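> sequence first, predicted model second:
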Amino acid sequence: MEKKKKVAIIGAGLAGLSAGSYLARNGFDVEIFEMHNIPGGQCTSWKNGRFTFDACVHWLVGSKEGGYLNEIWKDLGALQGLQIIDHDRYLTVQFPGGEELTFYADPDKLEKELLSFSPQDGAEIRKLVKTIRYMTKMKMLGPDAAFAEKSFKSLLNLVGFLIGFLPVFKWLKISAREYGARFKNRRLGDAIANLFTPDSVMLFNLLTFAWLGQKNAGYPVGGSLVFSKNIAADCQKRGVVIRYKSRVKKILVKESGAVARASGVELENGKIIEADYVVSGADGRTTVEQMLSGKYHNPRLQEAWKILPVFEPLFYISLGLNGDAGIPHSVSGNGLMLKQPLDTGNRSIDCLLLHSLSFDPTLAPKGKSVMEIMCLADFDYWNDLKNKSKERYKKEKEKIANKIIQTIDRDFLPGLKKKIEKIDIATPTTWVRYTGVYRGAFEGLQMTKDVMKVGLSLPKQLTGLENFYLCGQWVEVGGGLPTAAYSGKAVAAMITKAEGKGLVT
């Protein structure tokens, strides 16, 4: 019997798990090495007393049976046994003085709300919602097209998609900030600019509303860790071995003349694992600059990392409440526009995101609930502070969290402080500590207008290094769970092709 080819995968996040799952079902011997003691990477939750706090999934593209991207979640066993909740609201923006604006998932309700809020912007609002309606009905070309076997039918599908995409192509060339500036009502313009990140292209925003309109971006009850554990369990059923608390220190390379090949990994404890292929689903910069000592790169990838900004890190407060937060359930929560800017440690903010998860009964005991508060933060400030003094770091994050909670209690949700039973505070360095991610970025590369210069999908191999592949949010622009999962699948397809086989799914 022919010996199976061995693949060593770094990281049991979504990309690494996906790559492992598809490689195992294609006859490879797969071993995943994960620094943490649980799977999922940044797609995770954690217990604090009787509460479960979540750091990731608010909506999942592909949640609808038969919907766009649903197939990969079925392949990976991600949604096994999970209930999906589709919210009516995406986000409600609360302004000083009590005025509110709700962005509904349904295009008709969204149009009515926006016109009521800002009649003077009627023409632009109708144009915006018309585009959302069009995209809701548009047949999308799945990521599988990039590595599927080419045929006349696949060519026709590509042509059909490109024709359908032409009317929305212009939205790839304007940022949310630039588009928001078109509105006469400044509050509406500011709200649109801050729906995601101000520098993200509007196409990113419109796609999200299209998927919400299709009811294909729901919330899986149980949260992020349950979702990740489902995928890990499915991997293990297929024969994948996951080694937890096994941080990779170095990628081993064998050189023979002008040829260099990845030959395995070395763990922090000094253990050597030999492999025919090495895949990294870990942080891209850590992989290239530390695990490979900066010896190998790819010019196009290098350029993308240089010009595309990473998602800014978060100051993240999780609250366990006695009772309900008292705000409507929604996909992304409530955006609070502050009366005065708040200092969050060398960073002045003028808005907060408040998200009640009381609709998920698995996160808190009966009669209690979980709420998240998020805002942008300065990585260098928190990293320097923690390195200088862990005691000062602890006091500073508690001080800022209390200031934020007090502001919300005073200006938006009177009585919130009295409901709090548990507080959990994460800074950008928390993300680094548990996942190793570059500068605490909660996702990888932002989809800004500069994406036109480098492309959405980036190289997954490094120049001059054979048998090594990258997958995950540092080689796919825009971030997100489907992006990570499909990246892992794409790498599995590349490896099976290198072995002269087609990918079996």
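It's in.
> can you list the weak-confidence ranges in the stretch 251-400 of the chain?
Within the stretch 251-400 of the chain, no range satisfies pLDDT under 70.
> just give me the neighbour total for the spatially closest residue to Leu308 that is not a sequence neighbour.
The spatially closest residue to Leu308, leaving aside those adjacent along the chain, is Leu445, at 4.3 Å (CB to CB, 6 or more residues apart in numbering). For glycine as for every other residue, the C-beta is placed from the backbone atoms N, C-alpha and C. Around Leu445 there are 26 other residues, counting by other CB atoms under 10 Å.
> and Leu445, what are its phi and psi?
phi -90, psi 130 (degrees, to the nearest 10).
> thinking it is in contact with Gly478, fair?
Yes. Under the criterion of CB atoms under 8 Å, Leu445 makes contact with Gly478 at 7.3 Å.
> got the contact list for Thr102?
89, 91-93, 113 (CB atoms under 8 Å, 6 or more residues apart in numbering).
> want to throw those residues into a markdown table with pLDDT and neighbour count?
A markdown table is the format used below for these (pLDDT from 0 to 100; neighbours: other CB atoms under 10 Å):
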| residue | pLDDT | neighbour count |
| --- | --- | --- |
| Arg89 | 96 | 21 |
| Leu91 | 96 | 22 |
| Thr92 | 96 | 21 |
| Val93 | 96 | 22 |
| Glu113 | 98 | 19 |
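> which of those residues fall within strands?
Using DSSP state E, the members of the contacts of Thr102 that fall in strands are 89, 91-93.
> helix or strand right after the helix ranked longest in the chain?
Taking DSSP state H as the criterion, the chain has its longest helix at helix 390-411. Using DSSP states H and E, the helix or strand that follows helix 390-411 in sequence is helix 416-419.
> and that following helix, what does it pack against?
Judged by 3 or more CB pairs under 8 Å, 6 or more residues apart in numbering; DSSP states H and E, helix 416-419 is in contact with strand 314-322, helix 390-411.
> where does Met452 fall, secondary structure wise?
Assessed by DSSP H and E, Met452 sits inside helix 451-454.
> wouldn't Leu292 be in contact with Ile251 here?
Yes. Using CB under 8 Å, Leu292 makes contact with Ile251 at a distance of 5.3 Å.
> so for these two, which sits in the more crowded spot?
Between Leu292 and Ile251, Ile251 has the larger neighbour count (other CB under 10 Å), namely 25 against 21.
> please name the bridge partners of that one.
Val265 (DSSP bridges).
> that one touches Met291, doesn't it?
Yes. Assessed by CB under 8 Å, Ile251 is found in contact with Met291 at 4.6 Å.
> quick one: which of the contacts of Thr102 is nearest Ile242?
Nearest to Ile242 out of the contacts of Thr102 is Leu91 (CB to CB; 36.0 Å).
> so who does that closest one touch?
Here Leu91 is in contact with 102-103, 195, 330-335 (CB under 8 Å, 6+ apart).
> for Pro482, list the residues it contacts.
Contacts of Pro482 by CB under 8 Å, 6+ apart are 60-62, 69, 72, 143.
> number of residues surrounding Gly66?
Around Gly66 there are 8 residues (other CB under 10 Å).
> nope, Val259 is what I meant
Neighbours of Val259 using other CB under 10 Å come to 10.
> likewise Glu312?
There are 20 residues near Glu312, going by other CB under 10 Å.
> and what of Thr136?
The burial count for Thr136: 17, using other CB under 10 Å.
> same thing with Arg243?
Look at Arg243: counted by other CB under 10 Å, it has 16 neighbours.
> do the one 3 residues further on as well
Ser246: 21 surrounding residues under other CB under 10 Å.
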